[in-house]
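Q: just a sequence and a predicted model for now, questions to come.
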Amino acid sequence: MNLPVFSIITVTRNAAQVLEQTILSVMNQTYGHIEYIIIDGASHDGTTSIIRQYESEISYWVSESDTGLYDAMNKGLQAATGSYVWFLNAGDVLKHHGIVAQLAEIAMQNDFPDILYGETDLMNQQGHVFAERRLKTPKNLSWKSFKMGMLVCHQAFIVKRSIAPAYDLHYLFSADFDWCIRSLKEATTVCNTKVRLLNYLYEGLTTANRKKSLQERYAIMCKYYGTFATTILHGWFAMRYYWAKLTNKVI
């Protein structure tokens, strides 16, 4: 049986303080069939010096200007040649050294599903895990699941490269939400790995970006699920949000 190749893609810009931990978490994997790609947005803080330090372990990297986060992600998709694409942000770390090997085994046991997904833990800047992600992954995931919000973290959502669409550059803050839905609409088989895949560096969102992101997400949901249903659901989202704040859960 052919072993799956995972194209792990890190998009970064001026992330010199946190990039190395991400690179090391990929380099130290026990699984040998990994294509590691770094797309840097013309950083000027020493990021490229860190990349060059580990250049021999990186399959492909580039540092050049782009039009934004999702333009850089599209560059990563274009550079990828593996069986699956997996986006890992600068600062995020894979859960342990054997996690990709574990994921490969799950993929093979399930006849190479179109999408694999799992759980995410939140990590602070000191590298300490302090919470599980508030929204839990559903037992069974479909494109309709996302009417309840971003139920799966983008970095815990691994897509077969052959069905992965380009990110829609009309969206500046929520193209990943749209991308997950479109990937699921293309997928025939989806596998819940039931595994904690990574530690996500939680930095929070600025109020301005959060508002714009939610506005885009609302428009995306209206496109796929209808305006009436989306408006009703947002009443529930508001209650869910304020309950989380009241109970001191991470938003």
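A: Arrived safely, thanks for sending.

Q: for the spatially closest residue to Met150 that is not a sequence neighbour, the count of nearby residues, please.
A: Among residues not flanking Met150 along the chain, Phe177 sits closest, at 5.8 Å (C-beta to C-beta, 6 or more residues apart in numbering). Where C-beta positions appear, they are placed from N, C-alpha and C, glycine not excepted. Applying other C-beta atoms under 10 Å, we find 19 residues neighbouring Phe177.

Q: so which bits of the helix or strand where Phe177 lies are buried?
A: For Phe177, the host element (DSSP states H and E) is helix 175-186. By neighbour count on 16 or more other C-beta atoms under 10 Å, the buried set for helix 175-186 is Ala175, Asp176, Phe177, Asp178, Trp179, Cys180, Ile181, Arg182, Ser183, Leu184, Glu186.

Q: now swap in stretch 94-114 and tell me
A: Neighbour-count burial for stretch 94-114 [16+ other C-beta under 10 Å]: 94-96, 99-104, 106-107, 112-114.

Q: and those as CSV, adding secondary structure and distance to Ser49?
A: Converted to CSV, those look like this (DSSP: H, G, I helix; E, B strand; the rest coil; distance: C-beta to C-beta, whole Å):
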residue, secondary structure, distance to Ser49
Leu94, strand, 23
Lys95, coil, 27
His96, coil, 28
Ile99, helix, 28
Val100, helix, 26
Ala101, helix, 30
Gln102, helix, 32
Leu103, helix, 31
Ala104, helix, 32
Ile106, helix, 36
Ala107, helix, 35
Phe112, coil, 38
Pro113, coil, 39
Asp114, coil, 38
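
Q: looking at those, which is nearest Ile50?
A: Using C-beta to C-beta, the shortest approach to Ile50 within the buried residues of stretch 94-114 belongs to Leu94, at 17.6 Å.

Q: out of the buried residues of helix 175-186, who's nearest Asn140?
A: Distances from Asn140 to these, taken by C-beta to C-beta, are shortest for Leu184, at 11.3 Å.

Q: surely Cys153 and Leu201 touch.
A: No - the criterion here is C-beta atoms under 8 Å, and Cys153 misses it with Leu201 at 11.7 Å.
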